[in-house]
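Student: One predicted model, sequence on top.
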Amino acid sequence: METRKIQQVSNGTFTVSLPREWADGEGITAGTVVNLHTHIDGVLVVQAPEREDDASMQFTVTVGGGDAGGGRDSAAGDFLEQTLRAAYAAGSKQVVVEADGTFDAAQRQAVRRVARNLVGVTITEESDAAVTVRNVLDANEVSIRQSVRQLQFVAVSMHRDATAALTGAAPLDGFAERDDRADRLFAMVDRHFTRGLDRLDEIDALGETRPELFRLHTAARELERVADHAERIAAVASAVPASLPQGVADEVSELAELVPEALEAAVQVAFDGENPDAAREALSARDRVRAGVEDVERRLFEERDAEVDYRFAHALHALERTAEHVGNVAEVGLRTAVRTRNMDERPVGEGGRDAAEHTQSA
């Protein structure tokens, strides 16, 4: 750390000189406009403007040409898609993909698949030897809260349909499209969260504080995992020809139905911190699902004489993990309630003492 003396110019404005080494490293010269960010903890941050030539913002990647064999073509396409997705998540604005030769069909399909499946990504230039992929989405046009809310709706609908298919209540319909949408929504939230770690002007554009953005990103990650577990449940429902025994199916339906209401309540508390009791109820629902699934598994696979397809165990485990993620969102909600001063301070006798006396008497 170094110190600088505050100066005052003739019009009364306070000034302080910037370290030359830092200014040179950031490309700052006389006349450069910098960003000033003030924080409630008294910290003032000076941040250089984002540069388009920054290697993290745009870069070039070279892939093998189209003279390889079929297996290598597929591998090259996978590598290219992974690279573009990683660049998106890292917050890059532009990627130029150059071919060592010409692009093959798998590589072009990979680029178009990324452009189709990631929000804001478009192909701006394309030739036989190079493709330019750019993100055109402005943070000022993004609502992280609305995106998380949409992800919640998608995850809940996937969960409901997957568990209904598992218990034989309804067939699957339009599931793959919703799974892709859940992936797109989380990828967008993840991208802006990552950019917010690097750029305070990204935080300003999103209209969220850093703690708020962190909590929203955490909730989105848990919702994306709920969608992933719904996909696993749906996969079991599609693959197993047999049905769950009717009594077991009814129990699983009841347990699965605890998830949507608890998840919706937990997300709301994570948003505003109000009604922490709803978060506690969501945690209680998590515990009920966890205990219920354990009981169903024991009776289904240990106590029944008839053989039951082992793949049902994978679906039940996915349901249990879904409840765990609901609990994680509820814990985010409780943290929000603490930060927003909405956490109620109950007298011990209203909760803890009564519970303790009940336990001792039992």
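Tutor: Yep, that arrived.
Student: R288: what secondary structure?
Tutor: Following DSSP: H, G, I helix; E, B strand; the rest coil, R288 is assigned to helix.
Student: Run through the residues that contact it.
Tutor: 255, 258 (C-beta atoms under 8 Å, 6 or more residues apart in numbering). For every residue, glycine as well, the C-beta is placed using N, CA and C.
Student: quick one: it and H325, what's the gap?
Tutor: R288 is 15 Å from H325, where distance means C-beta to C-beta, to the nearest Å.
Student: just R113 next, same as before
Tutor: 27 Å.
Student: more neighbours, these two?
Tutor: Legend: neighbour count by other C-beta atoms under 10 Å for R113 and H325, higher for H325 (24 against 15).
Student: show me the contacts for N117.
Tutor: 180, 183-184 are the contacts of N117 under C-beta under 8 Å, 6+ apart.
Student: Narrow those to those in helices?
Tutor: Among these, the ones falling in helices (DSSP state H) are 180, 183-184.
Student: Need those in JSON lines (columns: pLDDT and neighbour count).
Tutor: Putting these into JSON lines (pLDDT from 0 to 100; neighbours: other C-beta atoms under 10 Å) gives the following:
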{"residue": "D180", "pLDDT": "92", "neighbour count": "13"}
{"residue": "D183", "pLDDT": "95", "neighbour count": "19"}
{"residue": "R184", "pLDDT": "95", "neighbour count": "20"}
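Student: for those, which one is nearest Q7?
Tutor: Nearest to Q7 among the ones in helices among the contacts of N117: R184, at 50.8 Å, using C-beta to C-beta.
Student: Quick check, the closest one in contact with R116.
Tutor: No: with contact defined as C-beta atoms under 8 Å, R184 does not reach R116; the gap is 9.4 Å.
Student: Next one, pLDDT for V34 please.
Tutor: The score at V34 is 87. That number is its pLDDT.
Student: ok, now E81?
Tutor: In this prediction E81 is given a pLDDT of 90.
Student: contacting residues for it?
Tutor: So E81 contacts 110-111, 113-114 (C-beta under 8 Å, 6+ apart).
Student: again, but for W22
Tutor: So W22 contacts I28 (C-beta under 8 Å, 6+ apart).
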